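S.K.: This is a predicted model, with the sequence first.
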Amino acid sequence: MADNIRSIFRLYRLYAVMDLKWLIQDWTNTIIILVSESLQTLSSMAGVLLLAVRFGGVGGLSADEVLFLLGFYELAHGVAWMIFGNYNIAHISRRIGRGQVDHMLIQPRPLWMQLLTEGFMPFSGSFGLILGIVLTVTAVSRLHIALSPLWVLMLCYYILIHIVLRLAQSAMYGSLAFWYPVACEEISSTILDMNTQVARFPLFGLPSWLMAVFHTVLPIGLLAYLPALALLRDLGIHVEITLPFIVAGVFVTAAVILFQKGLKHYEQYSCQRYKDMGHRC
């Protein structure tokens, strides 16, 4: 166990150095990337935020509460992206569908350790985290939220739930690429994009059946909406604690089972989209 922990931190340090060197090798390219990512992130937030400001709130939340919801989403998403966003680890179906799992299986490190560390990019992938911190701190200040150790612990809990749910969904659906590499190469991206597009919106007012779907089968409401409500208001219930834990556990279990089954299939047949000459269909 101790050797594994040391290996993980050594790999984190290695990928951090690689990420920094990539970032500073071409400042023109770096500025273009940062500006484009900034514009993309801000434009995706602008719709719901402008609606909230124009009408004094939206979806049962005030304008400042919507700002907090957006800040929490960007904070949690930023952490997830910074740790797992590189080399298609978060979009695992790409690596599976392109036959790149072969490269991982021959490495002198266990597969789980590679998946845990290869996506780490603390410099080039930190913009979302920084933006999330700024938005969250601004919203907390405007809402005069009294911070406490329990509140901070809850914030960390919901960030962890957000990360686990994103990765579990990507791995669960992405495992289909073991069997259907051409059709499912981008399935992880499709699932994560759907999460991103919907999770930034307050869900209050939706039909009860759709709310149930968004908090279980498609756990979009657990990525930001329910955490924001739990952190902003005293709901007086325990569902906001137990439901995310249960749903995340179910998705992780399903993802592990499907990924292991897919990996066994892959070890036997490899990627079926390659011809004998090595050309990819």
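M.R.: Now that the structure is in, tell me what you want to look at.
S.K.: list the helices and strands the lowest-mean-pLDDT helix or strand in the chain packs on?
M.R.: Taking mean pLDDT, DSSP states H and E as the measure, helix 27-55 is the helix or strand of the chain with the lowest mean score, a mean of 78. Applying 3 or more Cβ pairs under 8 Å, 6 or more residues apart in numbering; DSSP states H and E, one finds that helix 27-55 makes contact with helix 63-84, helix 127-143. Bear in mind the C-beta positions are built from the backbone N, C-alpha and C, glycine included.
S.K.: Quick one: work out the angle between the longest one and helix 127-143.
M.R.: Put simply, helix 63-84 runs at 150 degrees to helix 127-143, going by axes from the mean of the first three to the mean of the last three Cα atoms, to 10 degrees.
S.K.: starting at the chain centroid, how far to helix 63-84?
M.R.: Computed by Cα atoms, centre = their mean, to the nearest Å, the chain-centroid distance of helix 63-84 equals 10 Å.
S.K.: Could you list the residues in contact with the helix or strand just after that helix?
M.R.: Following the chain from helix 63-84 toward its C-terminal end, the next helix or strand by DSSP states H and E is helix 92-97. Defining contact as Cβ atoms under 8 Å, 6 or more residues apart in numbering, one finds that helix 92-97 is touched by 87-89, 100-101, 104, 115, 170-171, 173-178, 181-182, 184-189, 262, 266, 271, 273.
S.K.: Which secondary structure state does Leu192 sit in?
M.R.: At Leu192, secondary structure determined by DSSP: H, G, I helix; E, B strand; the rest coil is helix.
S.K.: Which residues belonging to the least confident helix or strand of the chain are considered buried?
M.R.: Within helix 27-55, the residues that count as buried by 16 or more other Cβ atoms under 10 Å are 41, 45, 48-49, 51-52.
S.K.: okay if I get the residues you listed as CSV plus distance to Ile32?
M.R.: As requested, the buried residues of helix 27-55 are exported to CSV (distance: Cβ to Cβ, whole Å):
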residue, distance to Ile32
Thr41, 15
Met45, 21
Val48, 27
Leu49, 25
Leu51, 30
Ala52, 31
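S.K.: which one among these gets closest to Ile133?
M.R.: Thr41 (13.3 Å; Cβ to Cβ).
S.K.: Let me see the contact set for that closest one.
M.R.: Thr41 makes contact with 74, 127-128, 131 under the criterion Cβ under 8 Å, 6+ apart.
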